[in-house]
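Trainee: task: produce atomic coordinates for the following.
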Amino acid sequence: MIYWPTSLRDYFLISWRELPPQNVVRSPMDAGPAKVRRRSTADVRTFELRMFLKPSLLTVLDDFFVTTTKSGTLSFEMKNPRTKSDQNFRFVDRPTYIQHKRGYIVNLTLEELPS
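Mentor: Got it, this is the predicted structure:
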């Protein structure tokens with residue numbers, strides 16, 4: 001099992017945003033209201049995270065993304081930002097790094113995988 005780096009554990013969060021699962025299929029009907037059904041029972045919750053990191057910690061995050069998770073293809077365990085419980089996550093997209101004063105603002109999009 002891969003774990004979120006302990007040196008980064010307390011660096012969330014300038015801010016974070018949680019998006020509940022988008023798990024609905026809507027089908028328009030010729031007449032009447034649209035038909036609505038659940039897509040699957042395996043819901044995925046998305047988190048958009050923003051953090052400020054010093055250059056040395058950016059190196060830790062970059063190595064974690066590129067090497068440890070093999071550019072985001074492997075999942076990892078970390079604490080859910082809201083519930084603080086350990087959950088399985090993976091990267092939705094590559095992180096972005098924006099230089100800011102003496103460090104970097106980092107934006108991450110992660111998805112919490114079903115248990």
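Trainee: where does the prediction get shaky in this structure?
Mentor: Low-confidence segments of the chain (pLDDT under 70): 10-13, 39-41.
Trainee: tell me where it has strands.
Mentor: Secondary structure of the chain (DSSP state E): strands at 12-19, 24-27, 35-38, 45-53, 76-79, 86-91, 96-100, 103-112.
Trainee: how about those, which one is nearest Met1?
Mentor: Closest to Met1 of the strands of the chain is strand 76-79 (C-beta to C-beta; 5.9 Å). Just so you know, the C-beta spots here come from the backbone N, C-alpha and C atoms, and that holds for glycine as well.
Trainee: buried residues, the closest one. List them.
Mentor: Of the residues in strand 76-79, 76, 78 count as buried by neighbour count, 16 or more other C-beta atoms under 10 Å.
Trainee: repeat for stretch 80-93
Mentor: Within stretch 80-93, judged by 16+ other C-beta under 10 Å, the buried ones are 81, 87, 89-91.
Trainee: so for Asn107, what's the nearest residue that isn't a sequence neighbour?
Mentor: Sequence neighbours aside, Thr96 is the residue nearest to Asn107 in space, at 4.6 Å (criterion: C-beta to C-beta, 6 or more residues apart in numbering).
Trainee: quickly list what the residue nearest to Arg9 when sequence neighbours are not counted is bridged to.
Mentor: Leaving out its chain neighbours, the residue that sits closest to Arg9 by C-beta to C-beta, 6+ apart is Lys79, at 7.5 Å. Counting by DSSP bridges, Lys79 forms beta bridges with Asp86.
Trainee: if I read this right, Lys79 contacts Leu110, doesn't it?
Mentor: No - Lys79 is beyond contact range of Leu110, at 11.7 Å (criterion: C-beta atoms under 8 Å).
Trainee: compute the first-to-last residue distance for stretch 23-37.
Mentor: From its first residue to its last, stretch 23-37 covers 9 Å (C-alpha to C-alpha, to the nearest Å).
Trainee: same check on stretch 76-94?
Mentor: Length of stretch 76-94, first residue to last, C-alpha to C-alpha: 15 Å.
Trainee: need the residues that contact that stretch.
Mentor: Around stretch 76-94, the neighbours that count as contacts under C-beta atoms under 8 Å, 6 or more residues apart in numbering are 1-4, 9, 12-13, 16, 18, 46-47, 49, 65, 68-69, 71-75, 108-113, 115.
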